[in-house]
Structures are given as structure tokens and as C-alpha cells.
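> Provided below are the primary sequence and the corresponding predicted coordinates.
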Amino acid sequence: MTISPASSASDELLERVRANLASVRDRIERSGRDARSVRVVAVTKTFDVTHVAAALALGLTSIGENYVDELCEKRRAMSAFTASWHFLGPLQSNKITRAVRCADVLSSVARVKELEKIAALSPGQVIDVQVDFGDDPGRNGVAPGDVGEIVRRARALELQVRGLMVVAPQGEKATRQAFLATNALAEEWDLRERSMGMSDDLELACELGTTEVRLGRALFGPRSSEGRLA
């Protein structure tokens, strides 16, 4: 018997995610973009593997995770199915080895020491540089003025710099400025991908040129507060 992603998700879950995905695509279209021009990364943080299965069954082949252990566990569970796995969380030094084994794209690179370790462990690894436009010292990301240094060093190490990723600051004005600046930096450094936009700001991100949006609640609903794996 052939196993499909749809067979791993309940009918109720599949229909709920189908309806939510249709709503997402409508929001993208209303922003003035062709929905086919914007990649949807299904962020399954704290959702179980049946949610990954539902996303895959509906044609979403990019899956995002914020925790290395959760990423590796879900990838192993869904190894029979084709997907591109994106790691979105901060890269802790003691987790980089596992991250490069389990992620196709490391979307949160922000430090030279991370680049060096990634290059040693996984030559040619695909990465995004995460840009931080806030003033919170605890938030992951590189300052806009330091993006060039990170991109140059990554390229010198022969890593594949796919693009830039940003978690926008709060407030529409600040979000707009961050997205505009991300676009300008991507143009300056000849980077194709601009990973901008999440469940609450995807319209603005699409309006301002994102190539992908990272969506959890918009696809799957509220997250469980009970641990990482629902």
C-alpha cells in the first residue's frame, strides 16, 4: 500500500488546513501579488507530525522549525515524503552539528563563528542571513550595517547564501521600514530570497516584495502551550 501525507493526517485537520491555506492565498492575492509567486513555509513549531503531513498533502513542501530536536524528530518521522526543511531558530553552538544534519536551509545565521562551523561541518550549506532591526540585545540577527560582512565571509567559505530573513519589529511603520531595508540589502548584495512576513504581517510583506512567508497560526490555528510537541 502506498503511504501518502494525506493518509497521515485526519480528515478534519486536512480540511481545516486546506481552508486556512485558501485564506492565506486570498490574502496574498489581495496584497497585489500572484499567490504562486510567494513561497509559503509551514512553521510547525509545537505542532505534531500530523500537521506536517497535512501541509505536505496540500502541496506545501517547505517546512520550518525553531527547535533543532523537533526539526530532526519530525524530519525522521516524515522521511518517506519530499520536503525542504528550514531551521528558523537561533543557532546555539552546541546544536549546529545536529542542525546541519537535519536542515536543508539554515535561515537564522547571524555570526561569523556560526559560518565557520557550518562550513567545516557542511560544505556548501544553504543559508539565509537573519537581519535584526530591533534594539533588543536578546533577539537573534545581525545589524543591517553588518550584513555585508556576513555575506562576504559566507561566500568566501563557499556557503550558498540564499537570501535574508527578518522578524519585523512591532508597529506597522517599523515593520514597513524593516521590509524596505531588507529589500534594499538583498538588492545590494545580489540575494534573490527575502524571507519577510509572518501570520500577522504577511500582506505588508507581500506588498513590499517578499519571496516567502513563514506561517504557523495562519495555517494551523493557535499553538498548544503544552510543550514543544503537541
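Ah, there it is.

> For Gly124, grab the count of nearby residues.
Gly124 has 10 neighbouring residues, counting by other Cβ atoms under 10 Å. Where C-beta positions appear, they are placed from N, C-alpha and C, glycine not excepted.

> Could you list the alpha-carbon positions for stretch 179-196 in PDB?
Taking Å, rounded to 0.1, in the frame of the first residue of the first chain, the C-alpha atoms of stretch 179-196 are listed here in PDB:
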ATOM      1  CA  PHE A 179      10.900  45.200   5.000                       C
ATOM      2  CA  LEU A 180      12.000  48.100   2.700                       C
ATOM      3  CA  ALA A 181      15.500  48.000   4.200                       C
ATOM      4  CA  THR A 182      15.700  44.200   3.800                       C
ATOM      5  CA  ASN A 183      14.800  44.500   0.100                       C
ATOM      6  CA  ALA A 184      17.500  47.200  -0.400                       C
ATOM      7  CA  LEU A 185      20.100  45.000   1.300                       C
ATOM      8  CA  ALA A 186      19.100  42.000  -0.800                       C
ATOM      9  CA  GLU A 187      19.500  44.100  -3.900                       C
ATOM     10  CA  GLU A 188      22.800  45.500  -2.800                       C
ATOM     11  CA  TRP A 189      24.300  42.000  -2.200                       C
ATOM     12  CA  ASP A 190      22.600  40.300  -5.100                       C
ATOM     13  CA  LEU A 191      20.400  38.000  -3.000                       C
ATOM     14  CA  ARG A 192      17.300  36.500  -4.500                       C
ATOM     15  CA  GLU A 193      15.400  35.400  -1.500                       C
ATOM     16  CA  ARG A 194      13.700  37.800   1.000                       C
ATOM     17  CA  SER A 195      12.000  35.800   3.800                       C
ATOM     18  CA  MET A 196       9.800  38.500   5.200                       C
END
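
> For it, what does the pLDDT average out to?
Across stretch 179-196, the average pLDDT comes to 97.

> go on, stretch 43-51?
Rounded mean pLDDT across stretch 43-51 is 94.

> Now the terminal residues of that stretch, how far apart.
Separation of the first and last residues of stretch 43-51 by Cα to Cα, to the nearest Å is 10 Å.

> quick check, distance from that stretch to the centre of its chain.
Taking Cα atoms, centre = their mean, to the nearest Å, one finds the center of stretch 43-51 at 14 Å from the center of the full chain.

> Give me the buried positions along that stretch.
If you call a residue buried by 16 or more other Cβ atoms under 10 Å, then stretch 43-51 has these buried ones: Val43, Thr44, Lys45, Thr46, Phe47, Asp48, Val49, Thr50, His51.
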